[in-house]
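1. structure for this input, please:
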Amino acid sequence: STKNEKEDWLGNVKTEWTGPFINNKNLVEVTFSNSIKTIGDYAFSGCTNLKNVNFSSNVTSIGQYAFNKCTSIANIAIPNRVTNIGDYAFNECTGITNVTIPSSVTSIGEYAFNGCKKITGITIPNSVVYMEKCAFGHCIQLESVDIQGDKTQFNQNVFQGCVKLYRYDLKWIDDFNGTKLDMNTWTFETGGNGWGNNELENYTEGENYKIEDGKLVIIPRITVDKTSGNITSCTSKRNNTKDKANWKYGKIEIRAKATKGKETNPMVWMLGTDEERGWPYCGEIDMFNLKPNGIEQEIICPKFNGSWLSGERKYFTPEITGNDAALDYHTYAITWDETQIVFSVDDKITGVYSADDYDEYTKEKAWVFDKDFYMILNCAVGGVVAGDVTTEGWNLVSTIGDIQTWEDYFYIDYVKKYDININF
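-> Coordinates of the predicted model:
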């Protein structure tokens, strides 16, 4: 800012000039004098170390982007003379846990508190007559909203992406209560060409699975020459819902118990139906992927794929180990809408992937999740991901001469797809 602006800041200005402290990383605390009535556009945008904001009681308006991405602010008490909170005013202030909206406020702009991921509750006084798109969007911990005025005057997209406010309407389920897989839903994928990861398994058509006690059990199977220790065959199961159950947006949930074999790689994942574009351009969503170091939930797209196309990866690691996943059933889910994918395990959010984190140029590569996807259930064996195969953790089921047969078991209790609506 210029010298005059600083003198104004310390003196008797009426309006804070646009962006005088924008992206100032040294600013930790700000106190407004009683002479300041308006916090201007971009005034403190990007001040990521700003922790304390002490408003004067005379402030009447907070401008657009005024505190945008001030990620260290924890609490905001809006002065009781403020009438307007501008667009993106507190956008992505991810540290805010509490915010008080006074009864003087009549307008809350679009994305005003978008991405404030720690806010759990909010009261909207009846003075508020305008609340724009995503005013509280993507506040993923927001679970309590008290709108004291007429709710019907506000569009549901005010709370878009607030997954704890969602109502889930079950639209599709396979709970595996028959005797065989429902081939109106599933298609077997077959073959043994390494599947891009030098995997050992050959996927079979009708073998390597069973329906037991209302569970789909995928059975990876190896035969081993006990004299040499060499693996003589490896088979498993892979099936998908392509063109039979394709989904775009909603909550998709599975309950599963993982294999115990150290070199198995059970997965529940989704691919974009436009596969003719090729991987990773079609997009991939890994809801459950058990690797040697534990479970990963991952986004794969042109920007994030870990291949020669992009060394970057975007994945989340839930706080359960591979042993935990194999000892008991857990619920793995994504909640997916037009702008974000929220991963969870046992109803605990494990990661959020948001299109809003990227500029328009980058978004073309980062967000390919605005189309139909289909589900794949499989268990790979060995290869780049799972490693060299031994029999550790496997179950010996037979020995005929020198040939031993070992099996492992990947249990899926159900797959569910919900439509989502917002309760407020």
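
2. what are the ranges of the helices in the stretch 301-424 of the chain?
-> Using DSSP state H, counting those that start in this stretch, the helices of the stretch 301-424 of the chain run over 322-327, 360-366, 383-386.

3. pipe these into a markdown table and attach mean neighbour count and distance to Gln141 per row.
-> Bear in mind the C-beta positions are built from the backbone N, C-alpha and C, glycine included. Listed next are the helices of the stretch 301-424 of the chain as a markdown table, based on neighbours: other CB atoms under 10 Å; distance: least, CB to CB, whole Å:
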| stretch | mean neighbour count | distance to Gln141 |
| --- | --- | --- |
| helix 322-327 | 17 | 24 |
| helix 360-366 | 13 | 24 |
| helix 383-386 | 18 | 33 |
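
4. now those helices as a markdown table including distance to Ile403?
-> Shown next, in a markdown table, are these (distance: least, CB to CB, whole Å):
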| stretch | distance to Ile403 |
| --- | --- |
| helix 322-327 | 26 |
| helix 360-366 | 49 |
| helix 383-386 | 22 |
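
5. want to throw those helices into TSV with mean pLDDT and distance to Lys51?
-> Listed next are the helices of the stretch 301-424 of the chain as TSV, based on pLDDT from 0 to 100; distance: least, CB to CB, whole Å:
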stretch	mean pLDDT	distance to Lys51
helix 322-327	94	37
helix 360-366	91	29
helix 383-386	89	43
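
6. these: which one's closest to Tyr315?
-> The minimum distance between Tyr315 and the helices of the stretch 301-424 of the chain falls on helix 383-386, with 12.7 Å, by CB to CB.

7. for that closest one, which outside residues touch it?
-> Residues from elsewhere that reach helix 383-386, judged by CB atoms under 8 Å, 6 or more residues apart in numbering: 194-195, 197-200, 263-265, 291-292, 380.

8. equivalent analysis for stretch 153-162, please.
-> With CB under 8 Å, 6+ apart, stretch 153-162 has contacts from 129, 131-140, 142, 145, 147, 165, 337-340, 342, 354, 421-422, 424.

9. quick one: which of those sit in strands?
-> Here DSSP state E is the test, and these give 131, 145, 147, 340, 342, 354, 421-422 as lying in strands.

10. what is the nearest of those to Asn24?
-> Nearest to Asn24 among those, with distances taken as CB to CB, is Ser354, at 25.5 Å.

11. dig out what that closest one forms beta bridges with.
-> Gln340 (DSSP bridges).

12. that one against Asp337, yeah?
-> No - counting by CB atoms under 8 Å, Ser354 stays clear of Asp337, with 10.2 Å between them.

13. grab the nearest non-local neighbour of Asn421.
-> Arg167 (4.8 Å; CB to CB, 6 or more residues apart in numbering).

14. got a pLDDT number for that neighbour?
-> Here the pLDDT value assigned to Arg167 is 91.

15. what is the least confident helix or strand in this protein?
-> helix 3-10 (a mean of 37; mean pLDDT, DSSP states H and E).

16. can you name the next helix or strand after that helix?
-> strand 29-31 (DSSP states H and E).

17. that's all I had, so thanks and see you.
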